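Asker: give me coordinates for this.
(one chain, ligands or ions: 1)
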Amino acid sequence: MQFYKYHGAGNDFIMIDNRKNIFSPQPNVINKLCNRYFGIGANGLILLEINNEMPFMRYFNSDGNEATMCGNGGRCFAAFTKHLGICNGNSIKFMGIDGEHIALFNPDGFIKLKMIDVKKIELIDDNYFLDTGSPHYVQFVRDIETVDVDREGKLIRKTVNFNNGGTNVNFVQEIKPGEIKIRTYERGVEAETLACGTGATAAAIAYSHYFEIETNPIDVKAIGGNLKIYFERGNERFENVWLEGPAKKVFEGIIDIDSYGKDTI
Ligand SMILES: N[C@H](CCC[C@H](N)C(=O)O)C(=O)O
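Answerer: Residues are numbered from 1 along each chain as shown. This is a model prediction of the structure:
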């Protein structure tokens, strides 16, 4: 089976053109494919399918379970449709689990992805919880370099109940007005990733709203690369939300998918 490997600011994905349903998304198979020693290795796996005659993006975390929206993956999905010739212009519309998205292809190669509106931000223990297509807990810290993201992130992800679905956990430090640094513990990867698109979006909106920052876009520096978040404040919601950043095809290959269905590695 043909596969493609992409990353968006270091958040990396296996991409499969599944318009002919060649791949059955079994959790144990996806988990092995995402394994960095016994498989291709990735934070997640993305299937391109067709739904009501529109490209449909299905996202699976590396634990093998189908998940909510992936922002970095959404930009990579758009780049993938362009590589396959599905999209020839400067933009593409596609469906994700959270609804319709449009992606714009910038001349510099960066991609601008429209995200869902953010309807509310909850305060939990003086930190912020909001849904940008995936659930995110945002905690502001003084020195992001000293945070034990895997340990602290796991504690919050596991102990604080978020409607039973769990959450991603973001640690954020202001670098200067309008610019923040972020580190993210990702649900379903159960570890820190080099970037998280829906997390960067959540962090930028919480930062701007609660610290009354007028600058827009907000620059978000992740370990794996830089993202920009644009949005407008509407009536009790955040609208016209865009996530802009890189999406790179790293390699493509062929894998013997039948050997992944069996328990032997
Ligand atoms: N792990 C997330 C989904 C992927 C989010 C992240 N990779 C992004 O770029 O938005 C979750 O289960 O909510």
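
Asker: wait, residue 72 touches residue 42, no?
Answerer: No: using C-beta atoms under 8 Å, residue 72 is not in contact with residue 42; the gap is 11.5 Å. C-beta here means a position set from N, CA and C on the backbone, and glycine is covered the same way.

Asker: show me the common contact partners of those two, please.
Answerer: residue 13 (C-beta atoms under 8 Å, 6 or more residues apart in numbering).

Asker: so for these two, which residue has more residues nearby?
Answerer: A direct count of neighbours by other C-beta atoms under 10 Å for residue 72 and residue 42 places residue 72 higher, at 35 against 26.

Asker: that one - that's part of a strand, no?
Answerer: No: assessed by DSSP: H, G, I helix; E, B strand; the rest coil, residue 72 does not belong to a strand; its assignment is helix.

Asker: so where's the stretch 51-200 of the chain shaky on pLDDT?
Answerer: 160-161 (pLDDT under 70).

Asker: go again using 50 as the cut-off
Answerer: The model of the stretch 51-200 of the chain has no residue with pLDDT under 50.

Asker: for it, what spans make up the strands?
Answerer: In the stretch 51-200 of the chain, the strands defined using DSSP state E, counting those that start in this stretch lie at 54-61, 91-96, 99-105, 111-114, 121-124, 127-131, 135-140, 168-176, 179-186, 191-193.

Asker: with just CA atoms, put stretch 227-247 into CSV.
Answerer: Included here for stretch 227-247 are C-alpha records, laid out as CSV according to Å, rounded to 0.1, in the frame of the first residue of the first chain:
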residue,chain,number,x,y,z
LEU,A,227,2.5,29.3,13.5
LYS,A,228,0.3,32.4,13.1
ILE,A,229,-3.2,32.6,14.5
TYR,A,230,-5.8,35.1,13.1
PHE,A,231,-9.2,35.7,14.6
GLU,A,232,-11.9,38.3,15.2
ARG,A,233,-13.9,38.7,18.5
GLY,A,234,-17.6,38.5,17.8
ASN,A,235,-20.5,38.4,20.3
GLU,A,236,-19.3,36.1,22.9
ARG,A,237,-17.4,34.1,20.4
PHE,A,238,-14.2,34.1,18.3
GLU,A,239,-14.9,34.1,14.5
ASN,A,240,-12.9,34.1,11.3
VAL,A,241,-10.2,31.9,13.0
TRP,A,242,-7.3,31.0,10.8
LEU,A,243,-4.2,28.8,11.5
GLU,A,244,-1.2,29.6,9.2
GLY,A,245,1.9,27.5,8.9
PRO,A,246,4.0,25.0,7.0
ALA,A,247,3.0,21.6,5.6
